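1. model this:
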Amino acid sequence: MVKHPFIFRLLQTIAIVLLAFTITMTLLGGAGTTCVAFNAENTESMAALVPVKPVFQVLVFVSIIAGIAGIFATVRLAKGRKNGYAQVLLFLVIAGAASAIQFYFSATLRGKTAPNNMRLYITIFTLAYLLLLRIPGVWEKMPFNHSQYSSGGLKGGGIALCISGLVTLTTPLWAAPTHTMDGYNTASELLIPLLIAGGILLLGGLSLLQASKRQTVIKNPILEANS
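-> Numbering: from 1, shown residues only. Have a look, this model is predicted:
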């Protein structure tokens with residue numbers, strides 16, 4: 001089995017964790033935008049965005065679809081599958097573009113960009129990090145370039161995806177204090193997509209953890225013999 005130096009296994013783990021964090025922010029950003037996209041006129045601080053409600057409604061669905069696609073792309077990358085890297089880059093570009101458009105309208109019409117600004121910054125940072133990994137001499141040594149990948153990156157990615165899944169699944173609960181209008185929790189409007197996305201994140205994380213466990217057994221003949 002290919003043995004990768006610790007530094008490259010660490011770089012892979014950081015990449016997967018950053019992607020999981022970005023996916024979570026993308027999904028939660030899409031869900032959180034529903035209160036603006038469908039009820040901007042009911043909130044004084046968001047009233048300026050009423051003219052662009054249709055744009056924000058499209059961004060809600062683009063963000064959620066991109067987030068779900070990002071989950072599958074990240075799992076493929078972590079497992080060293082073909083085109084996994086290209087797919088995560090596509091996810092980051094689409095997610096970043098959606099966040100940038102929202103950032104622009106919020107800044108020009110409302111004069112404030114929070115909390116979407118953090119989502120945009122995190123997405124740009126993750127994209128920059130993934131691009132930096134392509135530096136000659138680094139990319140060729142990354143574990144997810146080989147069919148026999150490192151279990152360390154899989155374990156870190158699995159844990160990150162599981163945490164992201166749990167956060168996404170419970171969004172209507174912890175987002176209620178800031179998304180309740182006239183007694184109605186607007187985060188519940190996307191309950192089904194959030195449950196689907198959160199479930200996929202959780203299953204993806206468990207898949208990576210299981211793959212990591214299998215790799216550990218294969219690398220340890222004693223464990224394999226006793227299993």
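
2. what sits up against stretch 29-49?
-> Here stretch 29-49 makes contact (CB atoms under 8 Å, 6 or more residues apart in numbering) with 50, 53, 56-57, 59-64, 67, 99, 102, 105-106, 109-112, 115-116, 119, 171, 175, 179, 181-182, 186-187, 189-190, 193-194. (Glycine included, C-beta is placed from N, CA and C.)

3. for it, give the mean pLDDT please.
-> Average pLDDT, stretch 29-49: 84.

4. measure that stretch end to end?
-> Counting by CA to CA, to the nearest Å, you get 16 Å between the two ends of stretch 29-49.

5. so how far is that stretch off the chain centroid?
-> In this view, stretch 29-49 has its centroid 23 Å away from the chain centroid, taken as CA atoms, centre = their mean, to the nearest Å.

6. tell me which residues of that stretch are tucked away?
-> Within stretch 29-49, the residues scored as buried using 16 or more other CB atoms under 10 Å are 29-37, 39-40, 46, 48-49.

7. quick one: the strands in this structure, in order.
-> Listed in chain order, the strands of the chain (DSSP state E) span 180-181, 184-185.

8. rank the ones you listed by pLDDT, which is bottom?
-> Across the strands of the chain, strand 180-181 gives the lowest mean pLDDT, at a mean of 66.

9. longest single helix anywhere in the protein?
-> Identified as the longest helix of the chain according to DSSP state H is helix 191-219.

10. what packs against that one?
-> Contacts defined by 3 or more CB pairs under 8 Å, 6 or more residues apart in numbering; DSSP states H and E place helix 191-219 against helix 6-32, helix 53-78, helix 151-169, helix 171-174, helix 221-226.

11. what about 6 Å?
-> helix 53-78, helix 151-169 (3 or more CB pairs under 6 Å, 6 or more residues apart in numbering; DSSP states H and E).

12. counting neighbours, what do you get for N185?
-> By other CB atoms under 10 Å, 16 other residues sit near N185.

13. same question for P54.
-> 9.

14. T113 contacts S106, doesn't it?
-> Yes. Using CB atoms under 6 Å, T113 is in contact with S106, at 4.8 Å.

15. tell me which of these two has more neighbours.
-> More neighbours surround S106 than the other of T113 and S106, with 22 against 18 (other CB under 10 Å).

16. for F144, see how far away that one is.
-> Going from S106 to F144 by CB to CB, to the nearest Å gives 35 Å.

17. A20 now?
-> In terms of CB to CB, A20 sits 14 Å off from F144.

18. repeat for V138
-> From V138 to F144 the distance is 12 Å (CB to CB).

19. comparing those two, which residue is more hemmed in?
-> F144 (25 against 13).

20. now the more buried one: closest residue in space that isn't a chain neighbour?
-> G80 (4.4 Å; CB to CB, 6 or more residues apart in numbering).

21. how far away is the one you found from Q12?
-> 10 Å.

22. got it, and A95?
-> A95 is 21 Å from Q12, by CB to CB.

23. tell me which of the two has more neighbours.
-> With neighbours defined as other CB under 10 Å, A95 and Q12 compare such that A95 has more, 30 against 26.

24. so what's that one up against?
-> By CB atoms under 6 Å, 6 or more residues apart in numbering, the contact list for A95 reads 26, 66, 123.

25. by neighbours, which of those residues wins?
-> Most crowded among these, counting by other CB under 10 Å, is T26 at 31 neighbours.
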